[in-house]
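> Next one to model:
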Amino acid sequence: MHPPTSAPSAPEDSASGPPAISVRGLVKTFGGVTALHGITLEVPPGQVLGLLGPNGAGKTTLIRILLGLTRPTSGEARLLGEAAGSREVLTRVGYMPQDLAVYLDLTVEENVALFGRLYGVTGGRLRAREAEVLSLVQLSERRRSLVSELSGGMRRRVSLAAALLADPDLLLLDEPTVGVDPELRFEFWEFFHRLTRGGKTVVLTTHYLEEANRADSVVFLNAGRVLATGAPDELKARTGATNLEDAFLRLVRETPREGE
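This is a model prediction of the structure:
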């Protein structure tokens, strides 16, 4: 991937602004099932944060609450100093869902332009950003191809381009590397770090625990609870593990189950 041509400067003092994400006592129940058990966490700006855990850990539910797509049963979530889901913040947030959210019967550039207009990006700025993000994800030469003609990895790149179109301050990416080859996965992570060096914040979910060694910090989720947070090397040192998968498993074994 090529470096951004107009990346903003990193903030002089990130600590002086509000956290990129602030979650306090977040609970979500679906009928008799509790998906989130009092989640509390804070994400400073300018980081790549990995939300790690197996399927069913609560990662997607947390992302949906942050976007305002799902209401919490109790607790509070704020993004960039504003209430989660509010109009004031949604224009500053880019979202890439786990499931394919682009239209197969539209071309690459038609998809990106459509999402741009939904974000309120129009005219010359839309054309400039469209060209920029397609260059960033290496799809400029395929811009007139129907998405249905693309490989799975290329379709993921179209989704990422759509999430980037409005130049968001915060990116929420749900399993962005699912189904992509190792080389493209590496390129995605390189790109995420270029964004954070420009002052952006990237929060991504993954159940590929080892790739999260490239994150600045990680949150281990299991059964809707936070097991631990910290830098990857810190969590491995804390548990005496040599890799993140072993660190996670040791934390699961050490955490008492509900009712014990």
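> C-alpha only now, for contacts and for neighbours.
Fine.
> hey, where'd the strands end up in the stretch 1-150 of the chain?
Listed in chain order, the strands of the stretch 1-150 of the chain (DSSP state E, counting those that start in this stretch) span 21-30, 33-43, 48-52, 74-79, 82-83, 93-96.
> mind putting those in a markdown table, mean neighbour count and mean pLDDT included?
Listed next are these as a markdown table, based on neighbours: other CA atoms under 10 Å; pLDDT from 0 to 100:
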| stretch | mean neighbour count | mean pLDDT |
| --- | --- | --- |
| strand 21-30 | 18 | 96 |
| strand 33-43 | 17 | 95 |
| strand 48-52 | 27 | 95 |
| strand 74-79 | 20 | 96 |
| strand 82-83 | 18 | 94 |
| strand 93-96 | 23 | 93 |
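> Any chance of the ones you listed in TSV with distance to residue 206 as columns?
TSV is the format used below for the strands of the stretch 1-150 of the chain (distance: least, CA to CA, whole Å):
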stretch	distance to residue 206
strand 21-30	18
strand 33-43	17
strand 48-52	5
strand 74-79	21
strand 82-83	25
strand 93-96	13
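> what's the closest of those strands to residue 202?
strand 48-52 (4.7 Å; CA to CA).
> Quick check: neighbours of the closest one in the sheet, parallel or antiparallel?
strand 201-206 (parallel), strand 217-222 (parallel) (DSSP bridges).
> could these be laid out in TSV, adding mean pLDDT, distance to residue 57 and mean neighbour count?
Shown next, in TSV, are these (pLDDT from 0 to 100; distance: least, CA to CA, whole Å; neighbours: other CA atoms under 10 Å):
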stretch	mean pLDDT	distance to residue 57	mean neighbour count
strand 201-206	92	11	25
strand 217-222	95	5	23
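> shaky segments in the stretch 51-200 of the chain?
Low-confidence segments of the stretch 51-200 of the chain (pLDDT under 70): none present.
> quick one, helices of it?
59-66, 87-90, 108-118, 123-136, 152-164, 182-197 (DSSP state H, counting those that start in this stretch).
> Distance of residue 109 relative to residue 179?
22 Å (CA to CA, to the nearest Å).
> before we move on, the earlier item: for the strands of the stretch 1-150 of the chain, which one sits closest to residue 126?
Closest among the strands of the stretch 1-150 of the chain, using CA to CA: strand 93-96, at 15.4 Å.
> The closest one - contacts with which helices or strands?
In terms of contacts (3 or more CA pairs under 8 Å, 6 or more residues apart in numbering; DSSP states H and E), strand 93-96 is packed against helix 152-164, strand 170-174.
> Sheet-wise, list the partners of it with their directions.
Partners of strand 93-96, by DSSP bridges, with direction: strand 170-174 (parallel).
> Compute the inter-axis angle for the partner strand and strand 74-79.
Strand 170-174 and strand 74-79 are oriented at 120 degrees to each other (axes from the mean of the first three to the mean of the last three CA atoms, to 10 degrees).
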